[in-house]
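Undergrad: the sequence and its predicted three-dimensional model are supplied below.
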Amino acid sequence: MEKKWWMDEIAYQIYPKSFNDSNNDGIGDIPGIIEKLDYLQDLGVTMLWICPVYDSPMDDNGYDISDYENIYPAFGTMDDMEHLLQETKKRNMKIIMDLVINHCSDEHRWFQEALKDKNSKYRQYFIFKEGKDGTPPTNWRSVFGGSVWQKVPDEDNMYYFHSFSKKQPDLNWENPEMRKELYQMINRWLDKGIAGFRVDAINFIKKDQRYQNGEPDGVDGLVACFDYCRNIPGINVFYDELRQETFQKHDCMTVSESVGTGYDIIDECIGDKGCFTMMFDFNYTNLDILDEDYFKPTNWTIKELRDKIYLSQTEIQKIGWSAPFLENHDQPRSINKLIKDPQYYELGAKTLATMFLMLRGTPFIYQGQELGIINFHRQSVDEFDDLNAHSQYHRAIEEGFTPEEALAFLNQRSRDNARTPMPWTKDQYGGFSKHEPWLAMTDGFEKYNAEDQISRHGSILEYYKKMIDIRKNRYHDTLSYGQFIPLILNDNIISYIREYNDERIAVLCNLTSQIQSYQLDNIDQIISNNIHDYTANQLQPYQALIILLK
Ligand code: GLC
Ligand code: CA
């Protein structure tokens, strides 16, 4: 395996709207990120993924871009962005940006031109189609609910296509002129000195050109669009061109958001032939729900989680590089998702950190994860900001759940859980801002905030620093480049080995409230233990060990 610079990185994801507000208007901003770079450097992370900061009407918090080459004014200016690049460089940190090119905003100039004039070339930048007998062209449901087709105002029987919200029209990748404009934009950003991109919803760019109805899978009479516009055969042609025209010309890293991508096709994404340097694999991220619907919770087991992690690691290892993560801005907090016994939240946060930070691939930590932030508990659907929360609420009710049940699904699963302002101190609004923030704080931030944990021995933050140090410095080669080998000890223990040259490191995690036994010989030395006790061949509830093997 050839060594690449991005294999050494420890990444940290920032959701700018909720990270730090420098001018006290209640909205996080780029100067706010700059103020916290020392905190991030002290944590030990080396690369920042900044969620979209481009100009946007903020229907989907910036994933609806109206201008790829300007900054959303409340986040700052292009000068602020350049300043952020300089300041991170000084600290030996890199920046990757979010690249949202499956769709843009309906307020983007291209879409506005397309609406204004049917004969404009911009009409071909999007997907417009006529309806059939007074109904939309197909019965596909968009990711955020309702049809993927939105009626064009003032035109008869004409619709445009959106995989996500109706304010996010999909770009027409079948059009080479449109693709070329995107490539030029991408290259201009790379020329500015960013290290690469996280590539949003990229497996949606090819649509099934037959545009046929599917068998409805909900009471709304629609069918999830995934089978018709995600990972559609032929997408690799677009991937190849995208890579050749942009990424390949720069020594950049790219990580694809590959939701629903089977291991049989990951060679399109990563490895020698793939478009990206690494991928986010969601096959174990969404193990708690079915079909990405909050109202379809599963009864997952630890064994299932373990086996999905094994599969992800071993399959990706055959082809290329992965990007392990537990949280992001679309997921609830991992403590609530993965730790079944609330009594163990604090210890369990450390177990999860151990489990994921030693995996093969470039790890991504989501803001607040290093503090053990947990989900909130809202009293009413009106307290939710995210458009998908509202859509999931209505669909749950439509499917026969009570309003109380529907609200419980949101509290468990809503994306707002990850988007609450970062608690820096125990002060009002968590030191995030002096102004009431755009989204209410999470519960209990008075206890779980950065200031407290920086000074408290035994804190989750301190533990993250220790894990990062082990990976980045003390056992760098084995934990960065080592092979991943499943270590099956007990169905309730998530355990694996990393091996490089003659060094072998075992990671053992108990994510249950019971003592778990195992048999492991050849122990040389315990490198890390998240509790004080150690009994040979036994793991206490939520104990996590890192062991150097003989
Ligand atoms: C991705 C983003 C998500 C966004 C969606 C549409 O899944 O992570 O936040 O809503 O794409 O752009
Ligand atoms: Ca601000």
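TA: The structure has been received and is ready for your questions. Ligands and ions are numbered 1, 2, ... in the order given.

Undergrad: dump the residue contacts of the closest residue to ligand 2 within the stretch 101-250 of the chain.
TA: Using CB to the ion, the closest approach of the stretch 101-250 of the chain to ligand 2 is made by Ser105 at 21.1 Å. C-beta coordinates here come from the backbone N, C-alpha and C atoms, glycine included. Taking CB atoms under 8 Å, 6 or more residues apart in numbering, we find Ser105 in contact with 56-57, 59, 64-66, 111, 167-169.

Undergrad: nearest to ligand 1, of those?
TA: Nearest to ligand 1, judged by CB to the nearest ligand atom, of these is Gln168 at 6.3 Å.

Undergrad: which SS class is that closest one?
TA: Here Gln168 is recorded as coil under DSSP: H, G, I helix; E, B strand; the rest coil.

Undergrad: and the nearest residue to it once chain neighbours are set aside, what are its phi and psi?
TA: Nearest non-adjacent residue to Gln168, counting by CB to CB, 6 or more residues apart in numbering: His103, 4.3 Å away. The phi and psi torsions at His103 (degrees, to the nearest 10) take the values phi -150, psi 170.

Undergrad: check contacts around Glu304.
TA: Contact analysis of Glu304 by CB under 8 Å, 6+ apart lists Leu287.

Undergrad: tell me which element it is part of?
TA: Per DSSP states H and E, Glu304 falls inside helix 302-319.

Undergrad: show me the contacts for the spatially most central residue of the chain.
TA: Residue closest to the mean C-alpha point of the chain, counted by CA atoms, centre = their mean, is Asn328 at 3.8 Å. Asn328 makes contact with 13, 280, 364, 366, 418 under the criterion CB under 8 Å, 6+ apart.

Undergrad: return the distance of it relative to ligand 1.
TA: According to CB to the nearest ligand atom, to the nearest Å, Asn328 stands 7 Å off from ligand 1.

Undergrad: what distance do you get for that residue to Tyr366?
TA: Distance of Asn328 to Tyr366, given as CB to CB, to the nearest Å: 5 Å.

Undergrad: mutual contacts of these two, please.
TA: Common neighbours of Asn328 and Tyr366, using CB under 8 Å, 6+ apart, are 13, 418.

Undergrad: residue of the stretch 351-500 of the chain closest to ligand 2, please.
TA: Across the stretch 351-500 of the chain, no residue is closer to ligand 2 than Ser433, which sits at 7.1 Å (CB to the ion).

Undergrad: burial measure for that residue, as a count.
TA: Using other CB atoms under 10 Å, Ser433 has 23 neighbouring residues.

Undergrad: burial count for the closest residue to ligand 1 within the chain?
TA: For the chain and ligand 1, the shortest gap (CB to the nearest ligand atom) falls at Tyr63, measuring 3.3 Å. Residues near Tyr63, counting by other CB under 10 Å, number 24.

Undergrad: same check, this time on the one 3 residues further on
TA: Using other CB under 10 Å as the criterion, Ser66 is surrounded by 22 other residues.

Undergrad: for it, give me its contacts.
TA: When contacts are counted by CB under 8 Å, 6+ apart, Ser66 is found next to 54-57, 104-105, 107-109.

Undergrad: quick one: Leu410 and Asn417, what's the gap?
TA: Relative to Asn417, Leu410 is positioned 9 Å away (CB to CB).

Undergrad: please apply the same query to Leu359.
TA: Using CB to CB, Leu359 is found at 23 Å from Asn417.

Undergrad: who in the chain is up against ligand 1?
TA: Residues of the chain lying close to ligand 1 (CB under 6 Å from any ligand atom) are 60, 63, 100, 164, 200-201, 257, 329-330.

Undergrad: take the residues you listed and write them to TSV, including secondary structure.
TA: Below are those laid out as TSV (three-state DSSP):
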residue	secondary structure
Asp60	coil
Tyr63	coil
Val100	coil
Phe164	coil
Asp200	coil
Ala201	coil
Glu257	strand
His329	coil
Asp330	coil
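
Undergrad: a markdown table for those residues, including pLDDT and distance to Ile339?
TA: Shown next, in a markdown table, are the residues of the chain next to ligand 1 (pLDDT from 0 to 100; distance: CB to CB, whole Å):
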| residue | pLDDT | distance to Ile339 |
| --- | --- | --- |
| Asp60 | 98 | 29 |
| Tyr63 | 98 | 29 |
| Val100 | 98 | 32 |
| Phe164 | 98 | 31 |
| Asp200 | 98 | 29 |
| Ala201 | 98 | 29 |
| Glu257 | 98 | 25 |
| His329 | 98 | 20 |
| Asp330 | 98 | 20 |
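
Undergrad: how about the strands in the stretch 251-400 of the chain?
TA: In the stretch 251-400 of the chain, the strands defined using DSSP state E, counting those that start in this stretch lie at 253-258, 278-281, 289-290, 293-297, 364-366.

Undergrad: for the last one, packing partners?
TA: Pointing back at strand 364-366 there. Identification of packing neighbours for strand 364-366 by 3 or more CB pairs under 8 Å, 6 or more residues apart in numbering; DSSP states H and E yields strand 11-14.

Undergrad: what's the answer for the third one, then?
TA: In terms of contacts (3+ CB pairs under 8 Å, 6+ apart), strand 289-290 is packed against strand 293-297.

Undergrad: which strands or helices does the strand it packs on pack on?
TA: strand 289-290, helix 387-398, helix 403-413.
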